[in-house]
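Participant: dropping a prediction and its sequence here:
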Amino acid sequence: MAERAIDTATDVSRTITEGSAALQAAVDRLSEVVATARQPGKPLSTISAITREAPLASLFVAFLFGIAVARRR
């Protein structure tokens, strides 16, 4: 019975390690995509610049976008 418990714990540990590695790989890929999108002339760079210049207008647009998405569902 103790051997089963140890085997189960080992399997769970291995599964958690594999899941953690997969999650880390996904985070790394996402970080690369965000870093690329923040380069000058890219979409996130443009959105950041617009938001810095007109924060209230950007908030209003985001609010309207949220309402439009919520009503579709």
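Facilitator: Perfect, thanks for sending it.
Participant: what about stretch 57-69, distance to the chain center?
Facilitator: 20 Å (Cα atoms, centre = their mean, to the nearest Å).
Participant: now do the SS call for the residue most central in space within the chain.
Facilitator: By Cα atoms, centre = their mean, the mean C-alpha position of the chain lies nearest to L30, the distance being 6.6 Å. Put simply, L30 is helix when judged by DSSP: H, G, I helix; E, B strand; the rest coil.
Participant: and the gap between L59 and R73?
Facilitator: 22 Å (Cβ to Cβ, to the nearest Å). (C-beta placed from N, C-alpha, C; glycine too.)
Participant: er, I6 actually
Facilitator: In terms of Cβ to Cβ, I6 sits 47 Å off from R73.
Participant: who's more crowded, these two?
Facilitator: Using other Cβ atoms under 10 Å as the criterion, I6 and R73 rank with I6 on top: 10 against 4.
Participant: now name the helix or strand holding the more buried one.
Facilitator: helix 2-37 (DSSP states H and E).
Participant: chain center to that helix: distance?
Facilitator: 16 Å.
Participant: for it, buried residues please.
Facilitator: Of the residues in helix 2-37, none count as buried by neighbour count, 16 or more other Cβ atoms under 10 Å.
Participant: for that helix, which helices and strands make contact with it?
Facilitator: helix 43-53 (3 or more Cβ pairs under 8 Å, 6 or more residues apart in numbering; DSSP states H and E).
Participant: other residues contacting the helix it packs on?
Facilitator: When contacts are defined by Cβ atoms under 8 Å, 6 or more residues apart in numbering, helix 43-53 is touched by residues 34, 37-39, 58.
Participant: rounded mean pLDDT for it, please.
Facilitator: Helix 43-53 carries an average pLDDT of 90.
Participant: stretch 64-73 now?
Facilitator: 90.
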